[in-house]
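> What follows is a protein structure lacking sequence information:
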């Protein structure tokens, strides 16, 4: 159970792309044609062997567009976890009463995903995805390895969600992922392979949602300086990209 991809939603895809590439030093993005089914266009970058995505609506009435309106602008959209056994994962979420709002099965089961109903888990869309072989990542394109740049950013290692009852939200996510929940420094935490997912109270007036993600970088000060030059630093000095806080973890 590992964070493999974080998705953000933005009104202006080109603007978000330019800012993200400059600040995090990412390589070429992949436009996944599959998101057209949802009325979106997107960009997906490898961050090491994890992925960062930005989606933007291209038609009215999309889930992403409604989220932009609800939360007052760009922000977090989806947390995608990689699992080993999709059949078992689907049985488990059914057993605990979590609805699946979208499923994908391709290539004789070698590519599969299940988007869980956000009302049943809270915070954001949680997707459980399985790939064979494990290093494959369909959403990043068939040749994603050629787009990897690791001179600045190495991998995504965490996510943070906010809600009115963060303990209940953490408990539910832990139940879905079959991982224990702990409490540390005012945050409820679900540990996952190679990282963590945190749950905190709403503090910015934007309501429930994906508030932040963590990126392991070689030089946090240098990344922060790049962000500051673009005006992409919050009042407390935290990097903020596409309406979402980026916690920099020193490699």
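Great, that's in hand. A quick note: this is a predicted structure, and the numbers were derived from the prediction, not measured. Residues are numbered from 1 along each chain as shown.
> And the strands in the stretch 51-200 of the chain, which stretches?
Taking DSSP state E, counting those that start in this stretch as the criterion, the stretch 51-200 of the chain contains strands spanning 75-82, 100-106, 111-116, 125-131, 153-163, 181-184, 187-192, 195-201.
> Is it possible to get a markdown table of those that adds distance to residue 231?
C-beta coordinates here come from the backbone N, C-alpha and C atoms, glycine included. Listed next are the strands of the stretch 51-200 of the chain as a markdown table, based on distance: least, CB to CB, whole Å:
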| stretch | distance to residue 231 |
| --- | --- |
| strand 75-82 | 17 |
| strand 100-106 | 36 |
| strand 111-116 | 33 |
| strand 125-131 | 29 |
| strand 153-163 | 20 |
| strand 181-184 | 32 |
| strand 187-192 | 28 |
| strand 195-201 | 25 |
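> who wins for proximity to residue 237 among these?
Distances from residue 237 to each of the strands of the stretch 51-200 of the chain were compared using CB to CB; the shortest belongs to strand 153-163, at 16.4 Å.
> other SSEs contacting the closest one?
When contacts are defined as 3 or more CB pairs under 8 Å, 6 or more residues apart in numbering; DSSP states H and E, strand 153-163 sits against strand 2-9, strand 40-47, strand 50-57, strand 75-82, helix 166-177, strand 195-201, strand 209-217, strand 244-250.
> Between those, which one is closest to residue 91.
Taking CB to CB as the measure, the helices and strands packed on strand 153-163 were each checked against residue 91, and helix 166-177 came out nearest at 12.4 Å.
> and the helix-or-strand element of the chain with minimal mean pLDDT, how far out from the chain's middle?
The helix or strand of the chain with the poorest confidence is helix 63-71; it has a mean of 93 (mean pLDDT, DSSP states H and E). Between the centre of helix 63-71 and the centre of its host chain there is 16 Å, according to CA atoms, centre = their mean, to the nearest Å.
> And stretch 216-229, by the same measure?
Between the centre of stretch 216-229 and the centre of its chain there are 20 Å (CA atoms, centre = their mean).
> which other helices and strands contact the least confident helix or strand of the chain?
Judged by 3+ CB pairs under 8 Å, 6+ apart, helix 63-71 is in contact with strand 2-9, strand 50-57, strand 75-82.
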